[in-house]
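*Asks:* Quick one: sequence plus predicted model below, questions after.
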Amino acid sequence: HDCRSEAPREVFSRDHDAICRVARDGGGAILHVRRAATEAVSLGRFHRRPYGEAPLIRRLSGGRAVAMGPGILSLTGVFPSVAWLALGRELPGPDQILNRALRPLLAALRAAGVDAFYGGRDLVTWDGAPISVASFTVLPDGIVVAEAHVAVSTSLEQCAAMLAEWDPR
């Protein structure tokens with residue numbers, strides 16, 4: 001589902017609705033692709049509000065704080081279960097869930113001529129430079145929420161500078 005550009009409340013609400021639909025309907029996954037209409041800070045599920053006066057987007061997955069905006073393409077995948085990500089193979093362990101969820105993104109980037117690499121943890125790189133920050137969470141009912149934020153027309157270094165400006169501590 002291409003959400004285009006959305007306001008922060010729309011982002012959280014649409015992702016929450018996707019979780020509810022997957023829980024209710026089961027079977028399939030939902031993918032939201034969007035860009036934030038304006039620059040903002042996207043906080044992971046377990047972050048406290050930063051000190052600065054940054055506009056905020058709260059994500060349903062964990063992970064580090066990420067700068068959002070028109071130069072960042074955000075993808076949120078909602079999967080019915082960890083088993084759904086197994087793709088007919090052995091059930092992935094906690095350290096393999098994000099790897100499985102990122103495979104379609106890596107394939108799309110490679111098809112576009114970007115030799116992307118995911119080495120684990122939360123970064124996707126290209127020629128050694130980070131181009132995407134990823135995160136996931138497994139909800140108590142087993143639904144998996146995985147997110148990736150890809151720098152398309154900006155760099156993640158610019159994002160880090162924006163985060164430092166918004167929250168100097």
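*Replies:* Arrived safely, thanks for sending. Numbering: from 1, shown residues only.

*Asks:* Leaving out the residues flanking it, which one is nearest to residue 87?
*Replies:* Spatial nearest neighbour of residue 87, excluding adjacent residues (Cβ to Cβ, 6 or more residues apart in numbering): residue 100 at 7.1 Å. All C-beta atoms are positioned from the backbone trio N, CA, C, and that covers glycine.

*Asks:* Which of the helices or strands spans the one you found?
*Replies:* Residue 100 is located in helix 97-111, with elements delineated by DSSP states H and E.

*Asks:* Check which strands are paired with whichever helix or strand comes after that helix and give the direction for each one.
*Replies:* Where DSSP H and E defines the elements, the next helix or strand beyond helix 97-111 is strand 116-118. Its sheet considered, strand 116-118 pairs with strand 123-126 (antiparallel) by DSSP bridges.

*Asks:* Please state the offset of the partner strand from the chain centre?
*Replies:* Centroid separation for strand 123-126 versus its chain: 13 Å, with Cα atoms, centre = their mean, to the nearest Å.

*Asks:* Now do the contacts for the residue most central in space within the chain.
*Replies:* With distances taken as Cα atoms, centre = their mean, the residue of the chain nearest its centroid is residue 147 (2.0 Å). Residues near residue 147 by Cβ atoms under 8 Å, 6 or more residues apart in numbering: 59, 61, 63, 74-77, 134-136.
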